[in-house]
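J.: what follows is a protein structure lacking sequence information:
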């Protein structure tokens, strides 16, 4: 694990980007992929935070400025691998966005299942201002989140989006006061972690890419778990009482 983020282990695992300005270099992305793999089995919920004025300000422009075509191709594969690993993480993933989430930072948030933003959060896809386009899955994930027309507007203009606008267009789930962000996110993460892990993982998988047939199959299979019987029995006892 690298020095650009800290990791708190537990049923709710927390990855916190902790540099003065959080950026995604090749080294950070490789460390992130390794960390995600290490947390895959143990975490019931994974949470991302950023310290300071940024959640993640984007990819490392200084590093990218020296790329030729082949280096750019390798970096694109690396950043896609990292964000695909977040999206494919078996358990739910929550982003708590406190400040700037631009370019790669916005793409990282888009790869998460739930995004809670502080009032000071700022989102954007400014790549066009650097002579490129989003390269970490942003063109597809942003369109899936906010619709094609709004995605085109934001990508083609490169303009920044406030937390309130992000909420209106469906980019985030909720906006909270800055001093309550961590509390709100960890409370939500704890509530999700308290649910049956097999249900949470199955629900995430079905929403992402499931079919009606797969839903019926998963629903049926969950009746084999003792926890299902316990929870249904407890419900009936409470109802009777």
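T.: Okay, I see it. What you see is a predicted model; the values in this text were computed from it and never measured.

J.: quickly list the domain ranges of this structure.
T.: 5-192, 196-240 (automatic domain parsing).

J.: got those domains as JSON lines, with mean neighbour count columns?
T.: C-beta here means a position set from N, CA and C on the backbone, and glycine is covered the same way. Shown next, in JSON lines, are the domains of the chain (neighbours: other C-beta atoms under 10 Å):
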{"stretch": "domain 5-192", "mean neighbour count": "19"}
{"stretch": "domain 196-240", "mean neighbour count": "12"}
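
J.: how about residue 170, what does it touch?
T.: Neighbour list for residue 170: 145-147 [criterion: C-beta atoms under 8 Å, 6 or more residues apart in numbering].

J.: 6 Å instead, please
T.: Residue 170 is in contact with residue 146, counting by C-beta atoms under 6 Å, 6 or more residues apart in numbering.

J.: before we move on, what about residue 55?
T.: Going by C-beta under 6 Å, 6+ apart, residue 55 touches 97-99, 101, 105.

J.: separation between it and residue 81?
T.: Distance, residue 55 to residue 81, using C-beta to C-beta, to the nearest Å: 20 Å.

J.: now residue 53
T.: Counting by C-beta to C-beta - residue 53 and residue 81 are separated by 28 Å.

J.: circling back: most widely separated two among the contacts of residue 55?
T.: Within the contacts of residue 55, 98 and 105 form the most distant pair, 11.0 Å apart (C-beta to C-beta).

J.: now do the biggest helix by length in the chain: everything it contacts.
T.: Ordering each helix of the chain by length in residues (DSSP state H) puts helix 69-87 first. With contacts defined as C-beta under 6 Å, 6+ apart, helix 69-87 is touched by 29, 32-33, 36, 93, 107, 111, 135-137.

J.: if we go to 7 Å?
T.: For helix 69-87, the external contacting residues (C-beta atoms under 7 Å, 6 or more residues apart in numbering) are 24, 26, 29-30, 32-33, 36, 59, 64, 67, 93, 104, 107-108, 111-112, 135-137.
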